[in-house]
Structures are given as C-alpha cells and as structure tokens.
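[1] how would this look folded up:
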Amino acid sequence: MKRSFYLLLCISALLLLSQSCTEPQDFSQFDDLSITPTLATGLFYMESDEVTINDAGSLSTFYSQTVNFDAFNEQYVAEHLIEGTITYEILNTTSKQLRITIEFLDEAENTLDAELFNIDPDPSGINIWEVAYGPGGKSLDILANTSSLRITATNLGDATSVSTQSEPKIKFKSAAEFLFRLK
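    Just a heads-up that it's a prediction; the model follows:
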C-alpha cells in the first residue's frame, strides 16, 4: 500500500512539474524581426610625394590605378542594400594644385559614375567629402553594379616648385559604410 501511494505521488508530481514548467512557444515574432546591419570598410589609400609629382611633369598624370570592388557581386547582397555613404579624405601638403578622379566601373569597364576632386596646394588642410547613395543621394544601382574603381591623379601645377613642408605629400583615402536589410 505504501509503495502504491509513493508511486502515485511520484507520478502526480512529475505530471504537475511537466505542466508547470512549459509554456507554448510563439515563433511568429520572427515575422516581425527586422535585421539591418551596417558594414564599414576602407576602400583605397593613395599617397604620393612631391618628387614623384614633379617627375611626372606639369599637367600630367602621376598616379593611376584600378582596384577591385566586388562588394556587391552576390545578387542577394546587392538586392538588400538600403543605403551607403562613401567618405573621401584628402590632405595635400605639396605646392601643387591637383585633380583626383574616381571612376566607378562595371564589369565591362564602362563608367557608371565619377567623382572629381580639385585640390588646392598647401595649406589646404584636411578636406573631407561624403557622398550618399540611396534615399536622398545617388542611385544605389551605381554601387550594386560597380566591379572596380579607377583612381587617377593629375598635377595641375608646375613641375619645379617645392613645398616648404619637410615631407610634402598628397594623401587620399576613402572608406564606405553600407546599410543592408537582411530580412
């Protein structure tokens, strides 16, 4: 009799515990979930000293490079891009007026867009430009279809003057920040 009573008590306790510790799960909240991560990255860095600029000559290109930009080569990533910002920072301590052109190229090397920067000689300070893509900015299709970037720098000044700075250089760098909707 004692044994039956303990067995009944244990079974009752197990049933009560199993019912009291569980609650129905609601997975419908996944439908309301919105995931929008921001990806930040550096795009390119260009630096040249004044000697190199002078060696190239007046009104000539002293720097030209094409860099790979396959950030959006996956269709899923390109389709879920909401907006982006590319920030350009330029410091010129040379005695030269310079022009830097950034071309956004598709896979066939057709120009989709271009940014043109006319840079004053020293003392021009640090110049920062932000270019928005998406709502209120340039078309997102430019970024989504860009396969590479072509950077070209031209000396608009003479080929003989020298800055009074100890190590005169042009430094040009860029970074990008992109916002995606993953769901």
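[2] Chain neighbours aside, what residue packs nearest to D141?
    L112 (7.9 Å; Cβ to Cβ, 6 or more residues apart in numbering). C-betas here are computed from N, CA, C, even on glycine.
[3] Name the residues of whatever helix or strand that neighbour lives in that come out as buried.
    Assessed by DSSP states H and E, L112 sits inside strand 111-119. Residues of strand 111-119 classed as buried: L112, D113, E115, I119 (neighbour count, 16 or more other Cβ atoms under 10 Å).
[4] Can you lay out these as JSON lines showing pLDDT?
    Shown next, in JSON lines, are the buried residues of strand 111-119 (pLDDT from 0 to 100):
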{"residue": "L112", "pLDDT": "95"}
{"residue": "D113", "pLDDT": "95"}
{"residue": "E115", "pLDDT": "95"}
{"residue": "I119", "pLDDT": "92"}
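[5] Rebuild those residues as a markdown table, extending it with distance to S161.
    Output for the buried residues of strand 111-119, formatted as a markdown table (distance: Cβ to Cβ, whole Å):
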| residue | distance to S161 |
| --- | --- |
| L112 | 36 |
| D113 | 33 |
| E115 | 27 |
| I119 | 15 |
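[6] Out of those, which comes closest to E83?
    Closest approach between the buried residues of strand 111-119 and E83, by Cβ to Cβ: D113, at 15.6 Å.
[7] hey, what's L179 bridged with?
    Taking DSSP bridges, one obtains T38, E83 as the residues bridged to L179.
[8] wait, isn't it in contact with T36?
    Yes - the criterion here is Cβ atoms under 8 Å, and L179 meets it with T36 at 5.9 Å.
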